[in-house]
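Peer 1: Return a 3D structure for these sequence lines:
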Amino acid sequence: MMESDLDLFDSHCHLDFAAFDGWRDQALRNARSVGVRQILLPGVTAQYWSRLLQLCQLQSQAYEHYPLLYPALGMHPCFMAEHRPEHLELLQQHLAGGEALAVGEIGLDFFISDSDVQAQQLLLERQLLLAKQYDLPVLLHVRKAHDQMLKTLRRFKLPRGGVVHAFSGSEQQAHIYIDLGFKLGFGGVLSYRRATKLRHLAATLPLESMVLETDAPDMPLSDWREEPNRPERVRDIFEVLYSLRSEAPEHIARQTTANVREVLALNIA
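Peer 2: You can find the predicted model right below:
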């Protein structure tokens, strides 16, 4: 398959992070050259929301040379010390102004040794309420907390669902998320042969429930463990996925991209 025939969507990339300073344009050109046409940028702290929004606006004006960039805004559970009560008000203002296509990256991370579980849960619920109020999907970060997250989602019954970023749960949990209207994100971990459980899920879950992501500059692939991840590597994740599945690669590329567009309610010809 020629690069120009591909239409890939990186559904989770932190292109606004400092790791891309000085070579962000080159990273975008590289991504475009291998068929990455769209990238979703999740916000993680209020401090950088304005920069993220400006980046999406500027780069999307140059679509012929770069992928289209789409913003999401949220408060990440791994940065609890940086969040303030007034940031929820600021988030609401951005969402009310239609500046984001999703609320995220939000979630629960019980892997952190000194995590304040109650504070994470409260912040998550307040952001879920905003997603429901403004009829937006959510981008979920979940580590060692799938049961608690699923319990929470059952209570909130989000009409737009969203994406479970870097899915790491069980097959049973995967199907519950899908039943609740969520897509599952598959990224660099898929390239590690020892990730047998995840590779099995990638091979057997309905393709309609899957999206591709890099989480760049994080979650490097197995062949590039010692360097920051980059959005062009969604092409490599796509190739791992089609090596595990029976569908034609053209169909896998088309469907995984359509899945992200469905979540974000994008209508692109």
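
Peer 1: Need the nearest residue in space to residue 104, chain neighbours excluded.
Peer 2: Once flanking residues are discounted, residue 104 sits nearest to residue 139: 2.6 Å by C-beta to C-beta, 6 or more residues apart in numbering. Quick note: C-beta positions are derived from backbone N, CA and C, even for glycine.

Peer 1: My error: substitute residue 132 in the last question.
Peer 2: Per C-beta to C-beta, 6+ apart, closest to residue 132 is residue 158, 5.9 Å.

Peer 1: which stretches of the protein form strands?
Peer 2: Secondary structure of the chain (DSSP state E): strands at 8-10, 36-42, 68-73, 102-109, 138-143, 162-165, 182-186, 210-212.

Peer 1: Which one of these lies nearest to residue 125?
Peer 2: Closest to residue 125 of these is strand 102-109 (C-beta to C-beta; 9.8 Å).

Peer 1: Counting neighbours, what do you get for residue 225?
Peer 2: For residue 225, the neighbour count with other C-beta atoms under 10 Å is 11.

Peer 1: Could you do residue 191 as well?
Peer 2: Counted with other C-beta under 10 Å, residues neighbouring residue 191 total 21.

Peer 1: so what pLDDT did it get?
Peer 2: Listed pLDDT for residue 191 reads 97.

Peer 1: Quick check: nearest residue in space to residue 153, chain neighbours excluded?
Peer 2: Nearest residue to residue 153, sequence neighbours excluded (C-beta to C-beta, 6+ apart): residue 180, at 5.3 Å.

Peer 1: Correct me if wrong: that neighbour contacts residue 154.
Peer 2: Yes. Counting by C-beta atoms under 8 Å, residue 180 touches residue 154, with 7.2 Å between them.

Peer 1: Comparing those two, which shows the higher neighbour count?
Peer 2: Each of residue 180 and residue 154 has its neighbours counted (other C-beta under 10 Å); residue 180 has more, 16 against 10.

Peer 1: just for the chain, where's the confidence low?
Peer 2: Within the chain, the stretches with pLDDT under 70 are 1-4, 268-269.
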